[in-house]
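> Sequence and computational prediction follow.
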Amino acid sequence: MARSETHPVVTLRSTAGTGQSYVTRKSRRNTPDRLVLRKFDAIAGRHVLFREER
């Protein structure tokens, strides 16, 4: 996949403090703020919020 300025690769880090992360792309045009998603944290064993890191 080619690099794109409008869809950069972002790292989502767990708010549970386990250090787990996900890597995804986001649209700067549609979501200019930091991305927050509720995803599964395998270390914590439950769904937690993952916030975008820069």
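Great, that's in hand. What you are looking at is a predicted structure, and each value in this text was computed from that prediction instead of being measured.
> Ramachandran coordinates for the residue positioned nearest the centre of the chain?
The structure's the chain has its C-alpha centroid closest to L12; by Cα atoms, centre = their mean the separation is 2.5 Å. Backbone torsions for L12, taken as degrees, to the nearest 10, come to phi -100, psi 120.
> my guess is it meets R25, correct?
No. The pair L12 and R25 does not pass the contact test of Cβ atoms under 8 Å, sitting 11.1 Å apart. C-beta here means a position set from N, CA and C on the backbone, and glycine is covered the same way.
> Show me which parts of the longest strand along the chain are buried, residue by residue.
When the chain is parsed with DSSP state E, its longest strand is strand 46-53. Under the neighbour-count criterion of 16 or more other Cβ atoms under 10 Å, strand 46-53 has 48, 50, 52 buried.
> I'd like those written out as a markdown table, with distance to S4 and pLDDT added.
Putting those into a markdown table (distance: Cβ to Cβ, whole Å; pLDDT from 0 to 100) gives the following:
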| residue | distance to S4 | pLDDT |
| --- | --- | --- |
| V48 | 29 | 97 |
| F50 | 22 | 98 |
| E52 | 17 | 97 |
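> What is the nearest of those to A2?
A2 lies nearest to E52 out of the buried residues of strand 46-53, by Cβ to Cβ, at 21.6 Å.
> Sounds good, over and out.
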